[in-house]
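Engineer: Predicted model follows, preceded by the sequence.
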Amino acid sequence: MKEKTLEILDPWTMPYFEYEQEFIDELHHEIAPDHPLYRKRLYVTAVRRDPTAVIFETVAEKPIYALVYLTRSGKKGKRNPKTRIIASREDLGAFIQKEHDDWIEECKRNGCYDTLKPLSTEAPDV
C-alpha cells in the first residue's frame, strides 16, 4: 500500500539538507542508551521554527516517529531530552495539522508579524 504524502505545515518546516546531520548528531549526543532512538538509523522529517523541536523518523520497515525537544546544552546525554513517540504516520500528520491550526489561531490573536516566535518558550510535558 502506498503511503499518503505527509504534509508539513507551519510552524513546521522541512530541514535544509545541509543541516540535517547536525540535528542527528545533536540527538545522538544528547540521548542515553535507554532512549528509543539510541543507535537507530534515522532522518529528520520536520523542524519547528524554534528549532529545538525536531521530528525524527527511523529507517525501518516499521518506522518510529519521535518528536524530540533537543536541549542544545552541549552536555552528553545522561538524561534524555523530552521525547514523544508518535504511533503512526497518520498520527504524525494529525499532530502537524493540530500544531498548524494552533499556530494560525496564535497568528490571528497576535498578528502575523509575530508568527516566527515559538508558540511557547519551553518544551511541553510529553
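Structural biologist: Arrived safely, thanks for sending. None of the values given here were measured: they were computed from a predicted structure.
Engineer: only C-alpha atoms for contact and neighbour calcs from this point on.
Structural biologist: OK.
Engineer: doesn't A46 fall inside a strand?
Structural biologist: Yes: checked against DSSP: H, G, I helix; E, B strand; the rest coil, A46 lies within a strand.
Engineer: just the helices in the chain please.
Structural biologist: For the chain, the helices defined by DSSP state H cover 17-30, 89-110.
Engineer: list the buried ones in the longest one?
Structural biologist: Read that as helix 89-110. For helix 89-110, a neighbour-count test (16 or more other CA atoms under 10 Å) marks R89, L92, G93, I96, Q97, E99, H100, W103, I104, C107 as buried.
Engineer: Just put the residues you listed in JSON lines and tack on pLDDT.
Structural biologist: Output for these, formatted as JSON lines (pLDDT from 0 to 100):
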{"residue": "R89", "pLDDT": "96"}
{"residue": "L92", "pLDDT": "98"}
{"residue": "G93", "pLDDT": "97"}
{"residue": "I96", "pLDDT": "97"}
{"residue": "Q97", "pLDDT": "97"}
{"residue": "E99", "pLDDT": "94"}
{"residue": "H100", "pLDDT": "94"}
{"residue": "W103", "pLDDT": "89"}
{"residue": "I104", "pLDDT": "90"}
{"residue": "C107", "pLDDT": "85"}
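Engineer: which pair in the residues you listed spans the largest distance?
Structural biologist: Spatially, the most separated pair among these is R89 and C107, at 26.7 Å (CA to CA).
Engineer: Let me know the closest of the buried residues of helix 89-110 to L67.
Structural biologist: Among the buried residues of helix 89-110, and counting by CA to CA, the member closest to L67 is L92, at 9.3 Å.
Engineer: got the contact list for that closest one?
Structural biologist: Contacts of L92 were listed using CA atoms under 8 Å, 6 or more residues apart in numbering, and they are Y65, I86.
Engineer: Any figure for the gap between it and T45?
Structural biologist: L92 sits at a distance of 10 Å from T45 (criterion: CA to CA, to the nearest Å).
Engineer: same deal with E26?
Structural biologist: 15 Å.
Engineer: now T58
Structural biologist: From T58 to T45 the distance is 10 Å (CA to CA).
Engineer: which one of the buried residues of helix 89-110 sits closest to K78?
Structural biologist: Distance to K78 across the buried residues of helix 89-110 (CA to CA) is lowest for L92, with 27.5 Å.
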